[in-house]
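[1] Starting from these lines, generate the structure:
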Amino acid sequence: MSIHGLYAITDSQLLPPQQLLEAVEQALRGGTRILQYRDKASGQARRLEQARRLKLLCDRYAVPLLINDDLQLALDCDAAGVHLGQGDHTLQQARETLGPDAIIGITCHDSLSLALKAQQDGANYVAFGRFFPSHTKPEAPPAPLELLPQARQQLRLPLIAIGGITVDNADQVISRGADAIAVIHHLFASDDIEQRARALSAAFDSL
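    I've put the predicted structure just below:
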């Protein structure tokens, strides 16, 4: 599938259970093209319930749902795939578990060598960052903007930029080769999530 545009990631600190579905639907109405469910805090039963509801919601908007780091949860809710960190399951494990059609992305931080290995191992996309100061992961190592054009020259995979991306700086990563922007805080902390999603999506139209 084509991975392009606004990639929204949920956050259990920003979105308590009673607000999650409405907030995500606002983001989907605003043009979100891919959604990642990320919840490190809730118990397994609640996560499964939320993931199944998100899957139904994403299906209505024809948007793929990815699960952060949990292969079993991805299977149980029939998600489109998973996003893996460097300390999570291997790409091979994810592919064997989820099958050939699953979307599998992996965080590569500021490392082109990790991204090249991910491509060799069969990833569907790679994510680089953080490119700007991040509310969600302030301790994450910074990645230089020039990593994106370097990666664009050497990789055939879609490139996701993450980390502190806002309406005001999205053009800096998009113009350097990012196919999608992954946004958490700037999207879901907004007073008008739908309008913020529209503004972030529009960043791709202005370049």
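[2] any idea which helix or strand carries the nearest residue to Thr32 once chain neighbours are set aside?
    Closest residue in space to Thr32, ignoring its immediate chain neighbours: Ala8 at 4.4 Å, by Cβ to Cβ, 6 or more residues apart in numbering. Heads up, the C-betas are built off the backbone N, CA and C, glycines and all. Using DSSP states H and E, Ala8 sits in strand 5-9.
[3] partners of that strand in the sheet?
    Paired with strand 5-9 in the same sheet, following DSSP bridges, are strand 34-37 (parallel), strand 180-183 (parallel).
[4] Can you get me a residue count around the closest residue to Pro142 other than its chain neighbours?
    Using Cβ to Cβ, 6+ apart and skipping the chain neighbours, the partner closest in space to Pro142 is Arg130 (6.0 Å). Close neighbours of Arg130, defined as other Cβ atoms under 10 Å, add up to 21.
[5] returning to that earlier point: turn the strands paired with strand 5-9 into JSON lines, including mean neighbour count.
    Shown next, in JSON lines, are those (neighbours: other Cβ atoms under 10 Å):
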{"stretch": "strand 34-37", "mean neighbour count": "26"}
{"stretch": "strand 180-183", "mean neighbour count": "26"}
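[6] separation between Lys40 and Asp70?
    10 Å (Cβ to Cβ, to the nearest Å).
[7] repeat for Gly105
    Separation of Gly105 from Asp70 (Cβ to Cβ): 14 Å.
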